[in-house]
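Structural data only, the sequence is not supplied:
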């Protein structure tokens, strides 16, 4: 196993070294327009190549504690789409061809939305029904959409077709293993996976949760870079056996092995917005995967644009230790 991971990592570093970092992105497109953007890779260096790495601060790191470095994965920017700059984006899901589900927060403005990808137009929206509820991550399980709340200790269940509220559940109470708060949520086909702003990810039995009305945590994993915890995990997306996670107040998306919790690489999203757009926007947040096209959609809180990116998935699959990487 260790030899397989070392060989995979060596191959990944070699590919990344030749790919480089994302190039700058053109100015924003008019509302409703879609633009094809260049590959987010640079020419191979003429000097002896060295692995492209990104520094990720560690929990409790001080000036005397250097940040841990990770392989920086290359990606291509496929297109840029309009996005509602008033949306405090908390969760993002591909709903179907040309459509996204989006969960937003900020108390009275919290909502569940269906959004047209090409125009950014909100096709329909459902509020949370209580201005004291603060919406967080969302995930879809068949004909249901599950939405977390931040500090309210309750999750909401909707009919995906009608957005009708069809159920709720509460978070466990001590001494049960308990998420501190509701942050990000995704679905791996068997379990809901939940973040709470710490370095812990919670794997949840959705059927038991719906039946009991209480979050049914089956196991947890501590996310680490090397032997150091990686906290501030926010929005999540499960993609081909790997958990992609926004890191709050960071321009990086980290890739997590769901079996071991090890961070195996990172994506640098810092060049997506122009300086003017960045000044009016907030943090990167929102990841959605379209298995039909292989594209990943990313955006952020109050971002005016949403981006479609693509990466070579076999770059990271050899590095994971669980069954999905075999």
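Everything's here; your move. Nothing here was measured: the structure is a model prediction, and the numbers come from that model.

C-alpha from now on. contacts and neighbour counts both.
Noted.

Can you list the residue ranges for strands in the stretch 201-326 of the chain?
Under the criterion DSSP state E, counting those that start in this stretch, strands of the stretch 201-326 of the chain are mapped to 217-222, 224-225, 228-229, 233-239, 242-247, 252-256, 263-268, 284-290, 295-300, 305-310.

And the stretch 51-200 of the chain, by the same measure?
Counting by DSSP E, counting those that start in this stretch, the strands of the stretch 51-200 of the chain are 53-56, 68-71, 76-82, 89-96, 99-104, 111-116, 122-127, 135-141, 144-149, 154-159, 165-170, 185-187, 192-195, 200-204.

what's the closest of those strands to residue 255?
strand 68-71 (10.1 Å; CA to CA).

so what strands line up beside the closest one?
Within its sheet, and counting by DSSP bridges, strand 68-71 is paired with strand 53-56 (antiparallel).

any low-confidence regions in this structure?
For the chain, applying pLDDT under 70 flags the ranges 1-68, 174-176, 313-326.

what would the strands of the stretch 201-326 of the chain look like in JSON lines with mean neighbour count and distance to residue 211?
Formatted as JSON lines, these follow (neighbours: other CA atoms under 10 Å; distance: least, CA to CA, whole Å):
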{"stretch": "strand 217-222", "mean neighbour count": "16", "distance to residue 211": "13"}
{"stretch": "strand 224-225", "mean neighbour count": "22", "distance to residue 211": "33"}
{"stretch": "strand 228-229", "mean neighbour count": "18", "distance to residue 211": "33"}
{"stretch": "strand 233-239", "mean neighbour count": "27", "distance to residue 211": "24"}
{"stretch": "strand 242-247", "mean neighbour count": "25", "distance to residue 211": "26"}
{"stretch": "strand 252-256", "mean neighbour count": "24", "distance to residue 211": "30"}
{"stretch": "strand 263-268", "mean neighbour count": "23", "distance to residue 211": "33"}
{"stretch": "strand 284-290", "mean neighbour count": "25", "distance to residue 211": "27"}
{"stretch": "strand 295-300", "mean neighbour count": "23", "distance to residue 211": "32"}
{"stretch": "strand 305-310", "mean neighbour count": "21", "distance to residue 211": "36"}
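
Relative to residue 98, which of those is closest?
It's strand 284-290; of these, that one is closest to residue 98 (CA to CA) at 10.2 Å.

got a list of contacts for that closest one?
Outside strand 284-290, the residues within contact range by CA atoms under 8 Å, 6 or more residues apart in numbering are 89-94, 234-239, 244-246, 248-251, 295-301.

With mean neighbour count and distance to residue 229 added, can I get the strands of the stretch 51-200 of the chain in CSV?
Compiled in CSV, the strands of the stretch 51-200 of the chain are given as follows (neighbours: other CA under 10 Å; distance: least, CA to CA, whole Å):
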stretch, mean neighbour count, distance to residue 229
strand 53-56, 17, 11
strand 68-71, 18, 11
strand 76-82, 22, 29
strand 89-96, 25, 23
strand 99-104, 24, 27
strand 111-116, 23, 32
strand 122-127, 15, 35
strand 135-141, 27, 22
strand 144-149, 25, 24
strand 154-159, 20, 26
strand 165-170, 16, 27
strand 185-187, 27, 19
strand 192-195, 26, 14
strand 200-204, 22, 9
